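Novice: predicted model and sequence below, questions to follow.
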Amino acid sequence: MFVPEISILASFLLVSFLVNITPGADMMFVVAQSLANGPKCGRFAALGIASGSVLHGGLAVVGISAVVAASPKMLAVLTYAGAAYLAWLGIRALRESGRTTSAEGQPRLTPTGAFCRGIVTNLLNPKVILFYLTFLPQFIQPAVGKEWKQVLFFALTFNFLGTLVLLAIAGCAGWLTSQLEGRQRWIDLMPKASGVIFIALAINLLRQA
């Protein structure tokens, strides 16, 4: 099992923590799901994002991420697909605002649905691929051991820290939601706020393409 030097590991943990607490698409997605559908959906959205990040880490290990990153056309397709998906989520949230249940009386979005959306959102984010390719190599030491083991170790460690942060964010958003119980005006506003967040994320993704 690969174990990095203490100094390398400490530096990696510090930088990873700072990166993970910086507001970004994943964090905003979890906040939006928590506000619109409750803290449980927020937690499952965080776990979905974590699963997508693990898949990205696996792709980085086998080198597929490098192939995608080296192709401007593939990155462009991924960017537009991700933006379209986020825009669709935003429009759907705006259309469903004011409805807490579906026509069948079931919740608007189940935790499983939030989990799946989290996976798709993360997988369609080209910034995640570029991050793995620019961030992780700084901590790889070829002389220490096999590079793929090091990439896997750092990817899983980074993902673990990120998951803890996102779960904490979901908890905070859930607490805010609980404080607004009984205030129908604010409750009705939450799905609209999540829709605006999704659309803003889509626009931001296109701007950075």
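Specialist: Right, received. Where do you want to start? Quick caveat: nothing in here was measured; it's all calculated off a predicted structure. Residues are numbered from 1 along each chain as shown.
Novice: ok, I8 touching F139?
Specialist: Yes: judged on CB atoms under 8 Å, I8 makes contact with F139 at a distance of 5.9 Å. Placement of C-beta: from N, CA and C, glycine included.
Novice: in terms of neighbours, single out the busier of the two.
Specialist: Remark: of I8 and F139, F139 carries more neighbours, 20 against 16, as counted by other CB atoms under 10 Å.
Novice: ok, now which ones touch the more buried one?
Specialist: Shown in contact with F139 (CB atoms under 8 Å, 6 or more residues apart in numbering): 4, 8, 11-12, 150, 154.
Novice: max-length helix in the protein?
Specialist: When the chain is scanned for its longest helix (criterion: DSSP state H), the result is helix 147-179.
Novice: name the element Y80 belongs to?
Specialist: Following DSSP states H and E, one finds Y80 within helix 72-96.
Novice: after that helix comes which helix or strand?
Specialist: For helix 72-96, the following helix or strand on the C-terminal side (DSSP H and E) is helix 111-123.
Novice: which elements pack onto that next one?
Specialist: Contact analysis of helix 111-123 by 3 or more CB pairs under 8 Å, 6 or more residues apart in numbering; DSSP states H and E lists helix 25-37, helix 39-62, helix 72-96 as its packing neighbours.
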